[in-house]
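# Test case, fold it:
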Amino acid sequence: MQKQPARQFHILSFAAALFMMMGLFASTSVLAVKPPKDPPTEIDIREAFADQESGTLVLIGGTFISPVVTFGDDQVELTNIIVTEAVLTTDLPVNLIPGDYLVRITDGRTTESILLTVGAVGLDGPVGPQGETGAQGDAGTDGQPGPQGNPGQPGPQGEQGVAGLDGAEGPAGQLEL
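This is a model prediction of the structure:
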């Protein structure tokens, strides 16, 4: 039982030294972090660093037993894997472009993955030029009727109509003398 705290101290010291070392590569390093698994019987990736200048990928976690590490959408198998108790290092693929990459580790029993951002990560750049006008969209649904409008101006005089039929003959009148 006495050795366990010392072991934890060495792991924490190594992790602290690694963090400080990774700080030296701040211009090209990128970090991905996940919470630890409980219990740690499966592969556990808690943090990932990519240093493009040295071409190194560092994964911190645990239970890295005979790992196979793949990288990116194409799941390229990485080489030169070095494993210690809680750290795995390997070579990065060459000529990476900035972007998000899926890093996957498998040991034949379990698989674990972490999304790693590599490259130009920083403040948003200026707004680009306006793009071309898009295609016209589908017609929308009919809206609700609007309020009744004000009465309009009187229209022009209409044309004279056709003469009507003669009316019936009226009663005879009285003569007066």
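# quick check, Thr70 in a helix?
No - secondary structure of Thr70 (DSSP: H, G, I helix; E, B strand; the rest coil): strand, not part of a helix.
# Which residues lie in contact with it in this structure?
With contact taken as C-beta atoms under 8 Å, 6 or more residues apart in numbering, Thr70 is in contact with 76-78, 103-104, 106. For the C-beta atoms, the positions are set from N, CA and C on the backbone; glycine is no exception.
# Next: Gly99.
Residues in contact with Gly99, defined by C-beta under 8 Å, 6+ apart, are 117-119.
# ok, so of those, who is nearest Ser66?
Val118 (25.8 Å; C-beta to C-beta).
# Hmm, the closest one is touching Leu96, no?
Yes - with contacts counted by C-beta atoms under 8 Å, Val118 reaches Leu96, the gap being 5.4 Å.
# circling back to that earlier point, so which of the contacts of Gly99 is the most crowded?
For these, the largest number of neighbours (other C-beta atoms under 10 Å) sits with Val118, at 24 neighbours.
# May I have the beta-bridge partners of Leu59?
Beta-bridge pairing for Leu59 (DSSP bridges): Ala48, Leu88.
# Quick one: neighbours of it, just the number.
The burial count for Leu59: 28, using other C-beta under 10 Å.
# Verify the contact between it and Ile43 for me.
No - between Leu59 and Ile43 there is no contact under C-beta under 8 Å: 9.6 Å.
# before we move on, back to that, shared neighbours, Val118 and Leu96?
Shared contacts of Val118 and Leu96, defined by C-beta under 8 Å, 6+ apart, are found at 50, 52.
# on that earlier part again, can you list residues touching both of Leu59 and Ile43?
Joint contacts of Leu59 and Ile43 (C-beta under 8 Å, 6+ apart) are Ile105.
# Look at Arg46 and tell me its secondary structure.
Criterion first, three-state DSSP; result for Arg46: strand.
# And the residue nearest the centre of the chain?
Residue closest to the average C-alpha location in the chain (C-alpha atoms, centre = their mean): Asp100, at 10.8 Å.
# my read: that residue touches Thr117, true?
Yes - taking C-beta under 8 Å as the definition, Asp100 is a contact partner of Thr117 at 5.2 Å.
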